[in-house]
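**Q** Take this sequence and fold it.
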Amino acid sequence: MDAIIDFHGTPAVRLETPDGARAIVALHGAQVLSWAPAGGDERLYLSELAEFRPGEPIRGGIPVVFPQFAARGTLAQSHGFARRRNWELGDIRLQQGFACATLRLSDDDSTRALWPHAFAAELTVMIERNRLDVELEVANSGSRAFTFTAALHTYLRLGNVELARVQGLEGLDYLDNTAAGKRCHDDRYALLIDDEIDRVYLGAARPLLVSESNRQIAIEQSGFRDVVVWNPWQARTASLKDMAPLDFKRMLCVEAASVEHPVALAPGEDWCGRQTLVAL
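**A** Residues are numbered from 1 along each chain as shown. Here you go, the predicted model:
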């Protein structure tokens, strides 16, 4: 297994297990760009118009949102800087049916100019037969406390989003970002997508199930308190230069996130959040 490959002109790590599960993780943003379970099809959406340029986000896969979700903070860049920077490859392991890679990012002069804190972030990606685990760990390596918001901005690849449903969010409050952040309540058994959606579901501790036709993905998370569900639909997609006009039908973001209550770390403390996808 080659450690580093060229993927659309950007260095990336290719992971593969003996039974055929596979994934690709870019050093740019420590971003998972591809995942397919053993014997299965691709499960992550990656835009065919995605731009692989230094300092720019890549549309699709699993971008790492840190230290700011959207515009919830003082940074000018939406979703922070982690997804725009090159991470350092730590190690790659292949053992007993799983493959794993670890990538690291720490503060430097350019990050401190944007966000004046010392930190060490580590992203671990592990695959086995039908499972993908992505874990983000953040440590406060400085002498001052700080807070941050974060997410694993997972783009699921779908055949047709209008035929999909999401279960596990019923009974939760959510912030509706298509209505200026209005707080609402979801009492439906399943969430159906038939228009633009941009919601932050609060205190989402239960497992989720995303179903469409004959495919399902089970999703669990720990450490992250919230779940973001996003699809730009037709009008918003038209304004995105790195997404084809009808691609909103082929994707749905279901993101493990900590949005409403920022994570607070004192000097020397660390935090860990994980999202697990299982192809059923």
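**Q** Quick check: phi and psi on the spatially closest residue to Asn160 that is not a sequence neighbour?
**A** Spatial nearest neighbour of Asn160, excluding adjacent residues (C-beta to C-beta, 6 or more residues apart in numbering): Lys249 at 5.6 Å. All C-beta spots, glycine's among them, are computed from the backbone N, C-alpha and C. As for Lys249, its main-chain torsions (degrees, to the nearest 10) stand at phi -70, psi -20.
**Q** so Lys249 touches Val161, yeah?
**A** Yes: between Lys249 and Val161 there is a contact under C-beta atoms under 8 Å: 5.4 Å.
**Q** three-state assignment of the residue nearest to Arg84 when sequence neighbours are not counted?
**A** Distance criterion C-beta to C-beta, 6+ apart; nearest residue to Arg84, sequence neighbours excluded, is Gly55 at 5.4 Å. Assigned by DSSP: H, G, I helix; E, B strand; the rest coil, the conformation of Gly55 is coil.
**Q** any idea how far Gly55 lies from His28?
**A** 9 Å (C-beta to C-beta, to the nearest Å).
**Q** Tell me the residues that contact both of these two, please.
**A** Each of 84-85 lies in contact with both Gly55 and His28 under the rule C-beta atoms under 8 Å, 6 or more residues apart in numbering.
**Q** Who has more neighbours out of the two?
**A** Higher neighbour count among Gly55 and His28: His28, with 23 against 10, using other C-beta atoms under 10 Å.
**Q** Next, the contact list for the more buried one, please.
**A** Contacts of His28 (C-beta under 8 Å, 6+ apart): 10-11, 52, 54, 58, 84-87.
**Q** Any chance of TSV for those, columns secondary structure and neighbour count?
**A** Formatted as TSV, the contacts of His28 follow (DSSP: H, G, I helix; E, B strand; the rest coil; neighbours: other C-beta atoms under 10 Å):
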residue	secondary structure	neighbour count
Thr10	strand	18
Pro11	strand	14
Phe52	coil	14
Pro54	coil	9
Ile58	coil	22
Arg84	helix	18
Arg85	coil	18
Asn86	strand	16
Trp87	coil	23
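**Q** if we can go back for a sec, how many residues are close by the residue nearest to Asn160?
**A** Neighbours around Lys249, by other C-beta under 10 Å: 19.
**Q** Ok, Ala257 next?
**A** Counted with other C-beta under 10 Å, Ala257 comes out at 25.
**Q** Check which helices and strands the strand or helix carrying it is in contact with.
**A** Ala257 is part of strand 251-265, with elements assigned from DSSP states H and E. Packing partners of strand 251-265 (3 or more C-beta pairs under 8 Å, 6 or more residues apart in numbering; DSSP states H and E): strand 131-140, strand 146-152, strand 155-157, strand 197-201, strand 208-212, strand 215-222, strand 226-231, strand 270-279.
**Q** Nearest to Tyr189 among those strands would be which one?
**A** strand 208-212 (11.5 Å; C-beta to C-beta).
**Q** Check the offset of the closest one from the chain's centre.
**A** Computed by C-alpha atoms, centre = their mean, to the nearest Å, the chain-centroid distance of strand 208-212 equals 17 Å.
**Q** can you give me the angle it makes with strand 226-231?
**A** On the basis of axes from the mean of the first three to the mean of the last three C-alpha atoms, to 10 degrees, strand 208-212 is oriented at 20 degrees to strand 226-231.
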